[in-house]
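# Just need the structure, nothing else, for what follows:
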Amino acid sequence: MRAEAATPQTASSAAPGPGRHWRAALGRWETLLVGLLVVTAIAGQAISPEFLTADSFTTGSLDLSEIALMALPLAMVIIAAEIDLSVASVLALSSALMGYLWNHGQPVETIIPICIVVGALCGASNGLLVTRFGLPSLAVTIGTLALFRGLAFVVIGDESVTDFPTTWTDRAFGNFAGTFIPNSIVLFALLAVAFAVALHATRFGRSIYAIGANEEAAYFSGLRVKRIKLILFTLSGAVAALAGVVISLRNSTAAANVGQGFELTVVTAVLLGGISIFGGRGTIAGVILALFLLGGIQKALLLSESISSYWVQIVTGALLVGSVLGPNVASRVADARRRRSHPLLEEGP
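Next comes the predicted model:
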């Protein structure tokens with residue numbers, strides 16, 4: 001009996017424990033994403049011979065670069081069992097503020113940090129409402145989604161600013177070192193490495209997983225749950241503001257109506273990447289694969305002459321539903337198989 005009781009404590013060395021099961025499940029999900037990427041590449045090339053070209057990669061990745069930036073911190077927020085639906089509105093507020101400051105004679109070198117700080121304050125306000133007032137993040141960020149978008153129109157109105165210096169717009173729209181890789185994707189790659197290290201190789205990242213898996217247990221184990229969540233929301237706002245700067249310079253246009261509907265695509269990319277909507281699991285690698293998959297599907301649809309562009313929205317919505325439904329169905333199937341293999345599990349204590 002003592003040997004049996006000790007078995008769970010030595011599960012990590014003697015038998016696959018829950019952590020290994022989750023890592024294996026995540027591995028299977030990422031493998032599925034790789035398979036879907038291959039299928040998308042084949043189908044896209046069949047739709048248009050221009051699909052697997054350097055130019056297609058450049059334009060497709062540019063179109064998704066701001067989505068990719070916002071997906072990184074949002075992945076951490078959702079792993080912590082929260083959500084931030086205001087990211088696209090923070091992007092718009094950042095863009096509007098950028099245009100306003102440029103019209104009032106501020107240099108771009110000064111405007112960029114100001115916009116990022118304002119975005120961080122927006123994220124911090126979300127975090128304070130969630131952590132200090134105990135409000136649900138879904139309700140809070142739906143409210144601030146409208147609030148920040150409205151502030152963007154207050155800042156700049158219906159006006160758009162298009163006379164940014166070409167030195168900056170060329171950087172945002174140009175490619176890295178003469179390659180076919182856009183500079184904005186290089187920025188995303190650098191941030192992706194930083195977020196991956198922070199999430200998967202630091203105590204802070206382990207704390208995020210612990211909070212998402214069981215917030216009460218994380219609190220009683222000594223984790224500063226409220227502080228960590230506040231940091232995550234602040235980070236989400238700051239990166240969303242950075243995305244607003246990037247899209248303004250890339251399109252050479254700052255306006256309050258940019259990024260409308262981006263929040264749906266960002267959430268789709270994160271959940272499609274294997275991040276659990278209930279928190280506690282997921283990887284940055286999965287999110288990156290999902291971004292490639294989402295970008296590939298959208299590019300293939302746009303290259304098709306016989307498919308309406310409205311199908312991009314339809315497919316995005318279907319992927320969002322599927323990314324939530326798929327893991328839950330798989331989990332229920334696995335539970336059912338486990339109960340059939342171990343009938344005693346169905347009996348009460």
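
# now the strands: where do they sit in the stretch 101-250 of the chain?
With strands called from DSSP state E, counting those that start in this stretch, the stretch 101-250 of the chain shows none.

# low-scoring stretches of it, by residue?
Residues of the stretch 101-250 of the chain meeting the criterion pLDDT under 70: none.

# And the helices in it, which stretches?
Counting by DSSP state H, counting those that start in this stretch, one finds helices in the stretch 101-250 of the chain at the ranges 108-131, 137-156, 166-173, 183-200, 203-213, 215-220, 225-250.

# Need these in JSON lines (columns: mean neighbour count and distance to residue 93).
All C-beta atoms are positioned from the backbone trio N, CA, C, and that covers glycine. Listed next are the helices of the stretch 101-250 of the chain as JSON lines, based on neighbours: other Cβ atoms under 10 Å; distance: least, Cβ to Cβ, whole Å:
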{"stretch": "helix 108-131", "mean neighbour count": "20", "distance to residue 93": "7"}
{"stretch": "helix 137-156", "mean neighbour count": "19", "distance to residue 93": "4"}
{"stretch": "helix 166-173", "mean neighbour count": "15", "distance to residue 93": "18"}
{"stretch": "helix 183-200", "mean neighbour count": "17", "distance to residue 93": "20"}
{"stretch": "helix 203-213", "mean neighbour count": "19", "distance to residue 93": "26"}
{"stretch": "helix 215-220", "mean neighbour count": "14", "distance to residue 93": "30"}
{"stretch": "helix 225-250", "mean neighbour count": "25", "distance to residue 93": "7"}
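
# Quick check: which of these is nearest to residue 64?
Nearest to residue 64, of all the helices of the stretch 101-250 of the chain, is helix 183-200, at 8.9 Å by Cβ to Cβ.

# Keeping just the C-alphas, turn that closest one into CSV.
The C-alpha coordinates for helix 183-200 follow below in CSV (Å, rounded to 0.1, in the frame of the first residue of the first chain):
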residue,chain,number,x,y,z
ASN,A,183,10.6,44.4,-41.4
SER,A,184,7.3,44.1,-39.4
ILE,A,185,7.7,40.3,-39.4
VAL,A,186,11.3,40.6,-38.1
LEU,A,187,9.9,42.7,-35.3
PHE,A,188,7.3,40.0,-34.6
ALA,A,189,10.0,37.3,-34.7
LEU,A,190,12.1,39.2,-32.1
LEU,A,191,9.1,39.7,-29.8
ALA,A,192,8.0,36.1,-30.3
VAL,A,193,11.4,34.8,-29.1
ALA,A,194,11.1,37.2,-26.0
PHE,A,195,7.6,36.0,-25.2
ALA,A,196,8.4,32.4,-25.7
VAL,A,197,11.4,32.6,-23.3
ALA,A,198,9.3,34.5,-20.8
LEU,A,199,6.4,32.1,-20.9
HIS,A,200,8.3,28.8,-21.2
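
# just to revisit the earlier point, closest one to residue 41 among the helices of the stretch 101-250 of the chain?
Comparing the helices of the stretch 101-250 of the chain by Cβ to Cβ, helix 183-200 comes nearest, at 17.9 Å.
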